[in-house]
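Peer 1: this one's structure only:
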């Protein structure tokens, strides 16, 4: 009987622990400097940021580093950047690793001050938190430095060929099968949809079947490209840099070619929340730009393979994505 009671107690404890873990996950668990900390707090402005509101200053800074497909060991690398920035700025800096949705929510709820974001989440952060993008990443696989191309990709032996104009090239795709990277991808869905709408070929994202014979959505660039490689789709919409490892192999890339480019896609960048005081904002920007210096550049490159950061104007940098979303009637 005693052993049976012990087993029953163990079952109850296991259920309680499982329920607790689920509650923590639903509350927005993030990895913060190597430990697990819930995003949700009873008083995030006081408990998490430790703001000295009377002096209109920050006493602690929180930066969100979103996970990306090509990021490895991101928490440790983010911690190193946070440590460097802390020395430059003169206050503690916490490095939080999360996805971009959680990053935007943290900015909205004043649980974060700075975040690395791609263009669509940056627009969402502007909408919900008044955050502004101040720096953009420069990468060697971005053809425009701090902008890159959205591309439509076909097999090398495809009969589809570039025509005399962009509209004529896109018109060839009527009745064809297309694979998008995902429903939320900027370069793998929103930008190309904006181009098709702008050319007058489709009415919007809910009318795609009126133009294409088949529409599929992947879980990233790799799956869209694999659909073309396997003959499951005639064309894929991805970013230009996805035609390289780790998304596909060099051998697979040799079987593909670009049918159409859509240049000017805004590079990922860094946003700062609107309640960060102007003087601290300048300190943050200047400290981040010091990552461009040769002595510190390894810290930046390790994060997301960026070679440098450049100052940008929030509105002009994000204009191509904003326009594409308006054309396609997609909300941030």
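Peer 2: Yep, it's here. These numbers were taken from a predicted model, which means no experiment stands behind them.

Peer 1: residue boundaries of the strands in the stretch 151-300 of the chain?
Peer 2: Along the stretch 151-300 of the chain, counting by DSSP state E, counting those that start in this stretch, strands occupy 177-180, 214-217, 235-239, 256-266, 269-272.

Peer 1: mind listing what residue 119 touches?
Peer 2: 186, 265-269, 317-318, 320-321 (Cβ atoms under 8 Å, 6 or more residues apart in numbering). For the C-beta atoms, the positions are set from N, CA and C on the backbone; glycine is no exception.

Peer 1: who wins for most neighbours among those?
Peer 2: Within the contacts of residue 119, neighbour counts (other Cβ atoms under 10 Å) peak at residue 266, which reaches 27 neighbours.

Peer 1: ok now do it, which residues does it touch?
Peer 2: Neighbours of residue 266 in contact, by Cβ under 8 Å, 6+ apart: 118-119, 122, 136, 146-147, 186, 317-318, 320-321.

Peer 1: nearest spatial neighbour of it, skipping sequence neighbours?
Peer 2: Closest residue to residue 266 apart from its sequence neighbours, by Cβ to Cβ, 6 or more residues apart in numbering: residue 119 at 4.1 Å.

Peer 1: Residue 137 now?
Peer 2: In this structure, residue 137 finds its nearest non-sequential neighbour in residue 306, 4.0 Å apart by Cβ to Cβ, 6+ apart.

Peer 1: Count residues in the vicinity of the one you found, would you?
Peer 2: 23.

Peer 1: That one reaches residue 136, doesn't it?
Peer 2: No. With contact taken as Cβ atoms under 8 Å, residue 306 and residue 136 are classed as non-touching, separated by 9.2 Å.

Peer 1: which residues sit against stretch 322-332?
Peer 2: The contact list for stretch 322-332 (Cβ under 8 Å, 6+ apart) reads 120-121, 123-124, 126-127, 186, 190-191, 193-195, 197-198, 204-205.

Peer 1: Contacts only, for the residue most central in space within the chain.
Peer 2: Centroid-nearest residue in the chain, with Cα atoms, centre = their mean: residue 118, separated by 4.1 Å. Contacts for residue 118 (Cβ under 8 Å, 6+ apart) come out as 100, 186, 266, 268.

Peer 1: if I look at it, how far off is residue 202?
Peer 2: 24 Å (Cβ to Cβ, to the nearest Å).

Peer 1: Where does the prediction get shaky in the stretch 1-150 of the chain?
Peer 2: Residue ranges of the stretch 1-150 of the chain with pLDDT under 70: 1-56.

Peer 1: The same query, at a cut-off of 90, please.
Peer 2: Residue ranges of the stretch 1-150 of the chain with pLDDT under 90: 1-58, 68-72.
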